[in-house]
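Novice: Make a model of this:
(one chain, ligands or ions: 2)
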Amino acid sequence: MRDPQRVEEILQSMVKAGSNTVQVISDFDMTLTRFAYKGKRCPTCHNILDNSNLISNECREELKVLLDTYYPIEIDSARSIAEKLPLMVEWWTKAHKILVQQKIRKDLLATAVRDSDAMLRATSSSSTTCMSTASPSIFSAGIGDILEEVIRQAGVFHSNVKVFSNYMDFDESGLLKAFKGELIHIYNKREGALLNTGHFQELRTRPNVLLLGDSLGDLTMADGVEERKQSYLDLYDIVLVQDETLEVPNAIMLYLT
Ligand code: TMP
Ligand code: MG
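Specialist: Ligands and ions are numbered 1, 2, ... in the order given. Reported below is the predicted structural model:
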């Protein structure tokens, strides 16, 4: 924490306001899911497809080239968001176009998720507190259908969970033909929220937000870790380093109740 006293004050004022004034807004990939397990990287929604047999080897290669090109840009703290934004749109647009060409079968998505190494963060008894209380909203630049399947298979897709993500559009025979609606990439989640005023209108009685994210990139690559840590500390109240659990947000939610 850059300013523990301020965090303490925020928590105290949330306690005072009551847990019924709190909502959880969370990112998905690498936030609700693990970054790594036993030293091995865990997949993002997109990676689950990349690693599956739902796409051809040629397509896998193309997606890997995209990942190797654009992911370093995503996590490059030397570039401004304004500079990164068009490149991220380019990445997502290219990746989705390639995926659509694969005519992915809807009925095989669950198997791809089951066969993947995707894992929600630690599943100790309290680990689902964030998912079961306070009407959590998940904003993800990943793939909605895959994301839902990951939380469904983990048994925490409660009816109060609201997901904003890129959903697949299938033709009548169940083959992927497009992605629905506006593209959601890592830098336009706010716009997504503004488009969904109805949902947030309902949550207006919960003005206190426990926001969970990893969006300044991740911290495993040794180079630049410190400089990135500083930007995290500047922007988030609490920064967790190498913590593959949801213990802290869960403890906060329990503390508020
Ligand atoms: P998130 O908003 O749920 O964190 O999802 C965004 C992540 O998806 C971002 O860190 C990059 C990742 N991604 C891939 O791994 N492969 C892809 O093809 C694309 C477009 C994104
Ligand atoms: Mg993320």
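Novice: Stretch 23-34 - what's its average pLDDT?
Specialist: The pLDDT scores in stretch 23-34 average 88.
Novice: so how far is it off the chain centroid?
Specialist: Here stretch 23-34 is found 5 Å from its chain centre; the criterion is Cα atoms, centre = their mean, to the nearest Å.
Novice: then the longest helix along the chain to PDB, C-alphas only?
Specialist: Ranked by residue count under DSSP state H, the longest helix found in the chain is helix 81-101. What follows is helix 81-101, C-alpha atoms only, in PDB (Å, rounded to 0.1, in the frame of the first residue of the first chain):
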ATOM      1  CA  ILE A  81      -2.600   4.400 -22.800                       C
ATOM      2  CA  ALA A  82      -3.300   6.700 -25.800                       C
ATOM      3  CA  GLU A  83      -0.400   5.000 -27.600                       C
ATOM      4  CA  LYS A  84      -1.500   1.500 -26.700                       C
ATOM      5  CA  LEU A  85      -5.200   1.800 -27.300                       C
ATOM      6  CA  PRO A  86      -5.200   1.600 -31.100                       C
ATOM      7  CA  LEU A  87      -2.700  -1.300 -31.000                       C
ATOM      8  CA  MET A  88      -4.900  -3.200 -28.500                       C
ATOM      9  CA  VAL A  89      -8.000  -2.700 -30.800                       C
ATOM     10  CA  GLU A  90      -5.800  -4.000 -33.600                       C
ATOM     11  CA  TRP A  91      -4.900  -7.100 -31.600                       C
ATOM     12  CA  TRP A  92      -8.400  -7.900 -30.500                       C
ATOM     13  CA  THR A  93      -9.800  -7.300 -34.000                       C
ATOM     14  CA  LYS A  94      -7.200  -9.500 -35.700                       C
ATOM     15  CA  ALA A  95      -7.600 -12.300 -33.100                       C
ATOM     16  CA  HIS A  96     -11.400 -12.300 -33.300                       C
ATOM     17  CA  LYS A  97     -11.300 -12.400 -37.100                       C
ATOM     18  CA  ILE A  98      -9.000 -15.400 -37.100                       C
ATOM     19  CA  LEU A  99     -11.200 -17.200 -34.500                       C
ATOM     20  CA  VAL A 100     -14.300 -16.600 -36.600                       C
ATOM     21  CA  GLN A 101     -12.700 -18.200 -39.600                       C
END
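Novice: List the buried residues in the helix or strand just after that helix.
Specialist: Following helix 81-101 in sequence order, the next helix or strand is helix 109-115 (DSSP states H and E). Within helix 109-115, the residues that count as buried by 16 or more other Cβ atoms under 10 Å are 109, 112-113. Using the backbone N, CA and C atoms, a C-beta is placed for each residue, glycine as well.
Novice: TSV for those residues, including pLDDT?
Specialist: Converted to TSV, these look like this (pLDDT from 0 to 100):
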residue	pLDDT
L109	97
A112	97
V113	97
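Novice: same for ligand 1: which of those residues are within range?
Specialist: When contact is defined as Cβ under 6 Å from any ligand atom, the buried residues of helix 109-115 do not meet ligand 1 at all.
Novice: distance of P86 from H185?
Specialist: Remark: distance between P86 and H185 (Cβ to Cβ, to the nearest Å) = 10 Å.
Novice: Over to F170?
Specialist: For F170 relative to H185 (Cβ to Cβ), the value is 22 Å.
Novice: Same question for R114.
Specialist: For R114 relative to H185 (Cβ to Cβ), the value is 27 Å.
Novice: What of T257?
Specialist: Separation of T257 from H185 (Cβ to Cβ): 35 Å.
Novice: Neighbour count for those two, which is higher?
Specialist: Higher neighbour count among T257 and H185: H185, with 20 against 13, using other Cβ atoms under 10 Å.
Novice: contacting residues around the more buried one?
Specialist: With contact taken as Cβ atoms under 8 Å, 6 or more residues apart in numbering, H185 is in contact with 85, 88-89, 91-92, 141.
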